[in-house]
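Chemist: model the structure of this input:
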Amino acid sequence: VAEASEDRAGHGTRDRQGGSRAKEEVQCVACGRTAKTRCGRCRMEHYCGRDCQASHWKWHKATCRASPPASVPGSGGSSSSSRPRRSEAAVPL
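Modeler: From the prediction side, this is the model:
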């Protein structure tokens, strides 16, 4: 699932002096256009849309890893899951 890379698209940020500055534009790793989404699995690669994300998957899948679940205090540190693993061939859009 592709997710928006910005919470409020088009909104700038404020610097320490109170002036506004534009957010740095992130480029799509596949085509170089302005990215609007990230990989929904690892959230590391940026894409302009689903088409570029799908076409780039054959290269990205080798390094794409889901973020590890946050550890819960008192859980004993076990990270095993009863859910089956997703197929490596699936494209996380």
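Chemist: residue 53: what's its closest spatial neighbour, skipping adjacent residues?
Modeler: Nearest residue to residue 53 in three dimensions, chain neighbours excluded: residue 47, at 4.2 Å (CB to CB, 6 or more residues apart in numbering). For every residue, glycine as well, the C-beta is placed using N, CA and C.
Chemist: what's that neighbour in contact with, if anything?
Modeler: Counting by CB atoms under 8 Å, 6 or more residues apart in numbering, residue 47 touches 2, 28-30, 35-39, 53, 56.
Chemist: ok, it to residue 38 distance?
Modeler: Here residue 47 is placed at a distance of 7 Å from residue 38 (CB to CB, to the nearest Å).
Chemist: what's opposite residue 27 in the beta bridge?
Modeler: residue 34 (DSSP bridges).
Chemist: closest one of the contacts of residue 47 to residue 63?
Modeler: residue 39 (10.0 Å; CB to CB).
Chemist: for the protein, give me the ranges with low pLDDT.
Modeler: Counting by pLDDT under 70, the ranges of the chain that qualify are 1-23, 67-93.
Chemist: can you give me the neighbour number for residue 35?
Modeler: 22 (other CB atoms under 10 Å).
Chemist: who are the contact partners of it?
Modeler: 5, 25-29, 46-48.
Chemist: and if we set it to 10 Å?
Modeler: 5-6, 25-29, 45-49, 52-53 (CB atoms under 10 Å, 6 or more residues apart in numbering).
Chemist: restricted to strands, list those.
Modeler: 46-47 (DSSP state E).
Chemist: export the contacts of residue 35 to JSON lines and tack on distance to residue 64?
Modeler: Below are the contacts of residue 35 laid out as JSON lines (distance: CB to CB, whole Å):
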{"residue": "5", "distance to residue 64": "16"}
{"residue": "6", "distance to residue 64": "21"}
{"residue": "25", "distance to residue 64": "23"}
{"residue": "26", "distance to residue 64": "17"}
{"residue": "27", "distance to residue 64": "18"}
{"residue": "28", "distance to residue 64": "16"}
{"residue": "29", "distance to residue 64": "12"}
{"residue": "45", "distance to residue 64": "8"}
{"residue": "46", "distance to residue 64": "13"}
{"residue": "47", "distance to residue 64": "12"}
{"residue": "48", "distance to residue 64": "18"}
{"residue": "49", "distance to residue 64": "18"}
{"residue": "52", "distance to residue 64": "15"}
{"residue": "53", "distance to residue 64": "11"}
